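*Asks:* Curious how this folds, go ahead:
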Amino acid sequence: MCPSCYILQIVIPETPLWKLFLKQFLGFLPILIELAAIVSIAVQDYTDFGIILAMLVINACLGFHEEYKAKKSLDELSHQLESEVAVRRNGETQQLNVKELVPGDVVLLVGGTIVPADTQWIKGDTVSVDTAPLTGEPIPRKYPGEHGDIILSGTTVVAGECYGRVMRTGEHTEIGNAQKEIMADKTVSVVSVFQKKIMLVVQILVSVSFALVIAVLLVQGLAYDGFKINVSQTILDALVILIASIPIALPLVLQVNMALGASHLATTYNAVVTSLPALQDIASMSMLCSDKTGTLTTANMSIITDQIFASDGFTAEEVILYGFLCSNADKKDDPIDRAIVSAFNDTGNSKDGYVQTEIIGFNPSVKRVVAFVKSGDKTLTIAKGLPAKILDTEAGAPDDHELQWKVDKINDHAFIKSVEATDTDLSSSGYKTIAIAVCEGNARELGDAAVWKFAGLLPMLDPPREDTPATIESLHHANISVKMITGDHANVGKETSRLIGLGTNVLPGEEMRNAPSETKNDIIWNADGFAAVLPSDKREIVLVLRNHFGLVTGMTGDGVNDAAALSAAQVGIAVAGATDAAKNAADLILTEEGLSPIYGAVLESRRIFARIKAYVVYRVAASIILVLTLSIVIFVTSCAVDSLMIIILALLNDVSMIPVAYDNAKATTKPQLPVAKTLVLQSLFYGLVQAGLSL
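*Replies:* The predicted structure is shown next:
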């Protein structure tokens, strides 16, 4: 059978625009308005019919606009999945769209290539692969190596080239499954938690009003002979009650308030709102899950200077200097050299008097770099690399590097134990360590006579953003819990959590992944965070918090690996510098560095909540006043108010409340969880009191 018969790709749901528009006329409120319009045209009340129809179309256009934006986002996401790759199939090499790849194809992976499928390394170089899109790790992995020989789809080859055999494609890959779930989310119409509660209140109001409509119809028609005198007028009199109960302009008022709130976030906090329902949900958010790398941290490995270990006879500044002299400042893409060069520049010290004459670059088999440096008429040989290999180049196993040594204190057990203990402590705290050793003279010329001195250890960590601890503290003050979810190692996650003020009960993702279903939810609830997770793990954590525990859950992230979780959360937040995949999945996009806009969005959303809640209580109370007053007047006197007057009154009532968007509301310190019962009771109280006073 032909290869194309086995093509595996992500199915993209298609929804015609006309269906998208017609969909806006379905739902509780639209059907009620349509019912009122049908009755109006049936009794030939064309004026009422025109006004009601106009409001129906305006509300439909507003809803269509929001869903059309979501459809455009889905289209952009699907276009990102299309690219070409060199494929060897049936003895011939050809350029194929990644959608046409099938298991068994052999693909050529070179530097800069985004791996199109889960691929098994066959032959070629040991390639350096940026796995951050999946794992969040800032330092590239080597394949084949300690992580095996399967290079996952969505990662990027940084250096080297190799051939690989396609193992899994499309939605059967980890990243493909995440994209599939995002697309499925995009096809679902999103309604905020607050809006659901509002519609529940409206349903209760209209249901009670409908009972009164039947009562008015019977009283008018039977008690006052309305069915004999004028059937059309009797029906219109009853219709007045129904029209009075429907908050026809409710969607318009909500949209205006949301639009003004979104505009405020854009101008004040440089945050772009892509989903208005999410802006309402931020007010109710009580749990925020956050990616680590690039979100809570800078995504740039840095030397943590206050943790530098310097051996006797060396200072911390000298350790940084020697590390700098053994680095290549032109290797901007190398996270280790970049971090060391940046740390040295931050010291403000000068490199004058030192000239690097030669450097032997890093090799995965020898795990060290050696540089030759001139200082006046002297020569220094400097090495940096894996601590064990810097202490003794034969550690683990002999290698083929031209320079071999043991440091001068290799037989000093107390010294070696001290270095190893320090290295272990730093590693267990999440730091990656680079060891530095120095030889006075040209070690190549000195041969066995070369004396190597161990200078110290440079601890590296992806540091937190400057504003992260303060933002975390502010979110806690706003009664929002924060869980860190990272693809990096557990010890790195724990140290980062400690630095930013989060709990350090960070569990490996595997522990959650392999847990029995009856205990998994409790593990997710009790943990302060998770490390070494996959994109599917992030999404599952968000869904459990959202669906099982009933929390309005937010998610922040910047990478492809965060997109599925961003899409699953009620409030997905893409931070500055996020990938297009993350932006397309998010509801709120931050355009400036740092997380402080999130706290600003929380405050603004809670103000919006307070304004809309005040409007809803007022509007429902006003409907109760109208419904009760008109019903009682008809019951007692058989005198009905013209339906056109009621429609105009209702519209003017709503329009007069649009300025509530500028109300000087205060943000509460707790998440705003709308309770339908409370809204109904408040509205009922005000409505009954005012109706009594009106009569």
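
*Asks:* how about the helices in the stretch 551-695 of the chain?
*Replies:* In the stretch 551-695 of the chain, helices defined by DSSP state H, counting those that start in this stretch lie at 560-568, 580-585, 596-637, 643-655, 676-694, listed in chain order.

*Asks:* Just the CA trace of the last one, in CSV.
*Replies:* Written as CSV, here are the backbone C-alpha positions of helix 676-694 (Å, rounded to 0.1, in the frame of the first residue of the first chain):
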residue,chain,number,x,y,z
ALA,A,676,-26.7,32.9,41.7
LYS,A,677,-28.7,32.6,44.9
THR,A,678,-27.1,35.7,46.3
LEU,A,679,-27.7,37.7,43.1
VAL,A,680,-31.4,36.6,43.0
LEU,A,681,-32.0,37.4,46.7
GLN,A,682,-30.4,40.8,46.4
SER,A,683,-32.3,41.7,43.2
LEU,A,684,-35.5,40.3,44.7
PHE,A,685,-35.2,42.4,47.8
TYR,A,686,-34.6,45.7,45.9
GLY,A,687,-37.2,44.8,43.4
LEU,A,688,-40.0,44.0,45.9
VAL,A,689,-39.2,47.2,48.0
GLN,A,690,-39.3,49.4,44.9
ALA,A,691,-42.4,47.7,43.5
GLY,A,692,-44.1,48.2,46.8
LEU,A,693,-43.2,51.9,46.8
SER,A,694,-44.3,52.3,43.2
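
*Asks:* which residues touch that helix?
*Replies:* Identification of contacts with helix 676-694 by C-beta atoms under 8 Å, 6 or more residues apart in numbering yields 197-198, 200-201, 204-205, 613, 616-618, 620-625, 628-629. All C-beta spots, glycine's among them, are computed from the backbone N, C-alpha and C.

*Asks:* let's see 6 Å
*Replies:* Helix 676-694 has contacts (C-beta atoms under 6 Å, 6 or more residues apart in numbering) with K197, L200, V201, I204, V617, V620, A621, I624, I625, L628, T629.

*Asks:* Can you say which of these are buried?
*Replies:* The neighbour-count test (16 or more other C-beta atoms under 10 Å) applied to the contacts of helix 676-694 identifies K197, L200, V201, I204, V617, V620, A621, I624, I625, L628, T629 as buried.

*Asks:* Where does the prediction get shaky in the stretch 551-695 of the chain?
*Replies:* Scanning the stretch 551-695 of the chain for pLDDT under 70 picks out the ranges 654, 657-658, 660-662.

*Asks:* picking up where we left off before, tabulate the buried ones among the contacts of helix 676-694 in CSV, adding columns for distance to A421.
*Replies:* Conversion of those to CSV gives the following (distance: C-beta to C-beta, whole Å):
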residue, distance to A421
K197, 58
L200, 62
V201, 64
I204, 68
V617, 65
V620, 68
A621, 71
I624, 74
I625, 77
L628, 80
T629, 83
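
*Asks:* Strands of the stretch 451-600 of the chain, residue ranges please.
*Replies:* Shown for the stretch 451-600 of the chain, the strands assigned by DSSP state E, counting those that start in this stretch span residues 452-461, 481-485, 506-508, 529-531, 553-557, 571-574, 588-590.

*Asks:* Which one, of the helices of the stretch 551-695 of the chain, ends up nearest to K367?
*Replies:* Closest to K367 of the helices of the stretch 551-695 of the chain, according to C-beta to C-beta: helix 560-568, at 27.6 Å.

*Asks:* CA atoms of that closest one as CSV?
*Replies:* Once side chains and other backbone atoms are set aside, the C-alpha atoms of helix 560-568 remain, and they are given as CSV (Å, rounded to 0.1, in the frame of the first residue of the first chain):
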residue,chain,number,x,y,z
VAL,A,560,5.1,25.4,22.8
ASN,A,561,5.1,23.0,25.8
ASP,A,562,2.8,25.3,27.7
ALA,A,563,0.2,25.8,24.9
ALA,A,564,-2.0,22.9,25.7
ALA,A,565,-2.3,23.9,29.4
LEU,A,566,-2.8,27.6,28.4
SER,A,567,-5.7,26.5,26.3
ALA,A,568,-7.2,24.2,29.0
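
*Asks:* re earlier: can I get the strands of the stretch 451-600 of the chain in TSV with distance to I214 and mean neighbour count?
*Replies:* TSV is the format used below for the strands of the stretch 451-600 of the chain (distance: least, C-beta to C-beta, whole Å; neighbours: other C-beta atoms under 10 Å):
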stretch	distance to I214	mean neighbour count
strand 452-461	70	24
strand 481-485	49	23
strand 506-508	59	21
strand 529-531	56	27
strand 553-557	43	31
strand 571-574	42	30
strand 588-590	46	25
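
*Asks:* looking at the ones you listed, which is closest to E518?
*Replies:* Judged by C-beta to C-beta, the one of those that comes nearest to E518 is strand 506-508, at 17.2 Å.

*Asks:* Give the partner strands of that closest one in its sheet and their orientations.
*Replies:* The pairing partners recorded for strand 506-508 under DSSP bridges are strand 529-531 (parallel).

*Asks:* roughly how far is the strand it pairs with from the heart of the chain?
*Replies:* Using C-alpha atoms, centre = their mean, to the nearest Å, we find the averaged C-alpha position of strand 529-531 to lie 15 Å away from the chain's own average C-alpha position.

*Asks:* go on, stretch 631-647?
*Replies:* Mean C-alpha position of stretch 631-647 versus that of the full chain (C-alpha atoms, centre = their mean) differs by 53 Å.

*Asks:* What residues sit buried inside it?
*Replies:* The neighbour-count criterion (16+ other C-beta under 10 Å) identifies S631, I634, A640, V641, S643, L644, I646, I647 as the buried residues of stretch 631-647.

*Asks:* Residues contacting it, please?
*Replies:* 47-48, 51, 212, 216, 219, 224, 236-237, 239-241, 243-244.

*Asks:* name the element Q94 belongs to?
*Replies:* The secondary structure element spanning Q94 is strand 92-97 (assigned by DSSP states H and E).

*Asks:* on contacts alone, who are the packing partners of that strand?
*Replies:* strand 84-89 (3 or more C-beta pairs under 6 Å, 6 or more residues apart in numbering; DSSP states H and E).

*Asks:* Angles on the backbone of the closest residue to G385 other than its chain neighbours, please.
*Replies:* If the residues on either side of it in the chain are set aside, G385 comes closest to R368, at 3.0 Å by C-beta to C-beta, 6 or more residues apart in numbering. The main-chain torsion angles of R368 are listed as degrees, to the nearest 10 and equal phi -160, psi 160.

*Asks:* Tell me, how many residues neighbour R368?
*Replies:* The local packing count at R368 equals 22, with neighbours defined by other C-beta atoms under 10 Å.
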